[in-house]
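Q: A structural model of the following input is requested.
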Amino acid sequence: MLSNKVIAAIRQDYALKQFDESHVQADAMEQFKIWFKEAIDAEVIEPNAMTLATVKYDGRPTARIVLLKGIEENGFVFFTNYDSNKGKQLQTNPYATLVFFWPELQRQVRIEGVISKNSAQASDEYFHSRPLESRIGAHASPQSSELKNREELEERYKEFEKLFAEQPLMRPLHWGGYILQAESIEFWQGRQSRLHDRFLFTKQEDSTWKHVRLAP
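A: Okay, here's the model as predicted:
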């Protein structure tokens, strides 16, 4: 039987890597690119999976996993349905947080900033690079809306599949990209005895980054 004692006993001592001042890049985006490539090279399962935390209308936080699809200058790109819950929340409050966790490397990255819609051109380019089934799915799924059953969703898919067999499949206007412009990025490297390495980068007015070490 699962008990709190069993849960509390789950423990991992981190001793794989270290992250000290000699490793820290001056630019937070460059530091992220280094860690992201190392996650890819380490064959982390879906290294681009990230938690996106937004704020609901009542001020309560909410979060879900989305996929990073691009890194721009000071920005992190993902795509979704603009009419979804997260899209509506970002319309009301554009401040959000991204979190990457790569357990294989015992690393975490937290990114805070402001999110805005990506350009229509960038959204079009990515949309048309997706598999056909995913493009049809973007039309078929009224994301975050209530469904009567699974069959309703599958019927919608079949209807759009038939429609786009007869005419061009364009990107739906309610679907596209967002970019989070980072204002702060924290890099966390697990260490032994819970004495983890943490460095917080903060964007300055002149667009440079300042970093400090934080206590774990």
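Q: buried residues in the helix or strand encompassing Gly87, which are they?
A: Gly87 is part of helix 85-92, with elements assigned from DSSP states H and E. For helix 85-92, the neighbour count (16 or more other Cβ atoms under 10 Å) marks Lys86, Gly87, Gln89, Leu90 as buried. (Each C-beta comes from the backbone N, C-alpha and C, glycine too.)
Q: check which helices and strands the next helix or strand after that helix is in contact with.
A: Remark: after helix 85-92, the chain's next helix or strand is strand 95-102, criterion DSSP H and E. If you count contacts as 3 or more Cβ pairs under 8 Å, 6 or more residues apart in numbering; DSSP states H and E, strand 95-102 packs onto helix 28-41, strand 49-55, strand 107-117.
Q: among the ones you listed, which is nearest Ser123?
A: Among those, strand 107-117 comes nearest to Ser123, with 8.1 Å by Cβ to Cβ.
Q: what's that closest one packed up against?
A: helix 28-41, strand 95-102, strand 175-189.
Q: what angle do strand 49-55 and the last one make with each other?
A: Inter-element angle recorded for strand 175-189 and strand 49-55: 110 degrees (by axes from the mean of the first three to the mean of the last three Cα atoms, to 10 degrees).
Q: tell me the angle the following helix or strand past strand 175-189 makes with helix 28-41.
A: Proceeding N to C from strand 175-189, the next assigned helix or strand is strand 197-203, under DSSP H and E. Angle of strand 197-203 versus helix 28-41, following the same axes, to 10 degrees, is 130 degrees.
Q: which of the residues in strand 197-203 are buried?
A: So for strand 197-203, counting by 16+ other Cβ under 10 Å, buried means Asp197, Arg198, Phe199, Leu200, Phe201, Thr202, Lys203.
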